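>>> All I have is the shape, not the residue letters:
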């Protein structure tokens, strides 16, 4: 642990702090007339992807590399050559749409195929089995805490969206309901890959409200903020609970600590944010580039005219990505075990749409180790 942390920290300091190392070393050569450097094929000097790949395992990381080779090495040069994506444009801003479609389809389909587990979970929420109480139940967070929180936070969220961002009450309620679905997807993907695809899931919300509330950019951003932050927080808190479980911490006390952290964090972060970012013009500047926020705002403006703002090529790519993810997910469930381990992971391939090829390569190298 000490050697790994020291080497990784030294590389990061030399690269980001002192500027002595480049971010990556690009591979020479071209594909379809486009340089490999422009397509993102490079070897990153940081060890974060390598460490993440070591935790994910070979199947997921190999699927990510396979998706990167297909997307960045086969699809991207053809799109750039045909002018669908500018050669100097941001290809990942285009690829996140089919990536979101693939991740959403795979996660929902895999969850739907586990109907018995879902049924038992619902029965556990509403029906208490007769007999002696299991000792573990005394450690879990009571279901009544969940419902009490929903009774308080749902009206507060809806009121804030309505008063602060002019989101109609029915649409704000829909955003809260959609948050449950996206939290499920985010937690499942995080549990399998240790990567939360919250950026891609936010595009699902933006696309939905681009159709329901065309022309309302503020509502699009506000509802995306509700769902994305809920999905991100759910995945992060789930990771905290897993870490606490491995350390033998009391789950209920971990939950209370998280709840206290939310209150203290809100009191500290909100004033500090307004101090650093007095208005929206600060975001996107050299001091606060905020690429994710810039992409989200750009998508909201594009979707202000509704689904027609999405090009036919992009709609076709989303449909093919969803179909491919469905096929891979069904193969994972239906094939015998000896073949299943060789089936690419739909989640891994979908994540390749959201990451540069160099990052996918780093994950794969870590998975090999």
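Structure received. From a predicted model like this one, the values you see are computed outputs, not experimental measurements. Residues are numbered from 1 along each chain as shown.
>>> Spit out the contact partners of residue 219.
161, 165, 166, 167, 168, 171, 209, 213 (Cβ atoms under 8 Å, 6 or more residues apart in numbering). No exception for glycine: its C-beta is placed from N, CA and C like everyone else's.
>>> After the helix or strand hosting the first one, heading C-terminal, what element do we hit next?
Which is residue 161. For residue 161, the element it lies in under DSSP states H and E is helix 143-165. Using DSSP H and E, the helix or strand that directly follows helix 143-165 along the chain is helix 169-193.
>>> That following helix to helix 143-165, inter-axis angle?
Here the directions of helix 169-193 and helix 143-165 differ by 120 degrees (axes from the mean of the first three to the mean of the last three Cα atoms, to 10 degrees).
>>> other SSEs contacting helix 169-193?
Applying 3 or more Cβ pairs under 8 Å, 6 or more residues apart in numbering; DSSP states H and E, one finds that helix 169-193 contacts helix 91-112, helix 143-165, helix 198-212, helix 217-247, helix 346-351.
>>> The same query, at a cut-off of 6 Å, please.
Helix 169-193 is packed against helix 143-165, helix 217-247, helix 346-351, with contacts defined by 3 or more Cβ pairs under 6 Å, 6 or more residues apart in numbering; DSSP states H and E.
>>> which secondary element of the chain has the worst mean pLDDT?
Ranked by mean pLDDT, DSSP states H and E, the helix or strand of the chain with the weakest confidence is helix 115-126, at a mean of 54.
>>> for this structure, which spans come out with low pLDDT?
Scanning the chain for pLDDT under 70 picks out the ranges 111, 114-139, 189, 192-203, 211, 284-299, 301-310.
>>> Could you count how many residues lie near the residue lying closest to residue 154 once chain neighbours are set aside?
Leaving aside its sequence neighbours, residue 154 sits nearest to residue 176 (Cβ to Cβ, 6 or more residues apart in numbering; 5.6 Å). A count of nearby residues for residue 176, using other Cβ atoms under 10 Å, gives 19.
>>> how about the helix holding residue 161: buried residues?
157, 158, 161, 162, 165 (16 or more other Cβ atoms under 10 Å).
>>> Now do the same contact list for residue 28.
Neighbour list for residue 28: empty [criterion: Cβ atoms under 6 Å, 6 or more residues apart in numbering].
>>> That one sits in which helix or strand?
Per DSSP H and E: nothing holds residue 28, as it lies in no helix or strand.
>>> How much space separates it from residue 36?
7 Å (Cβ to Cβ, to the nearest Å).
>>> again with residue 274
43 Å.
>>> number of nearby residues for the closest residue to residue 36 other than its chain neighbours?
Among residues not flanking residue 36 along the chain, residue 27 sits closest, at 4.5 Å (Cβ to Cβ, 6+ apart). Counted by other Cβ under 10 Å, the residues lying close to residue 27 total 16.
>>> if we can go back for a sec, distance to residue 356 for the contacts of residue 219 - can I get that in CSV?
Output for the contacts of residue 219, formatted as CSV (distance: Cβ to Cβ, whole Å):
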residue, distance to residue 356
161, 34
165, 33
166, 37
167, 34
168, 38
171, 35
209, 28
213, 33
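>>> State the pair within the residues you listed that is farthest apart.
Farthest-apart pair in those is 166 and 209; separation 12.5 Å (Cβ to Cβ).
>>> For those two, indicate the residue with more neighbours.
residue 209 (26 against 12).
>>> tell me the contacts of that one?
By Cβ under 6 Å, 6+ apart, the neighbours of residue 209 are 220, 223.
>>> repeat that for 8 Å
171, 175, 216, 219, 220, 223, 224, 303.
>>> again, but for residue 8
46, 47, 48, 51.
>>> Give me the nearest residue to the second one, chain neighbours excluded.
With sequence-adjacent residues excluded and distances taken as Cβ to Cβ, 6+ apart, residue 47 is closest to residue 8, at 4.3 Å.
>>> All set now, cheers.
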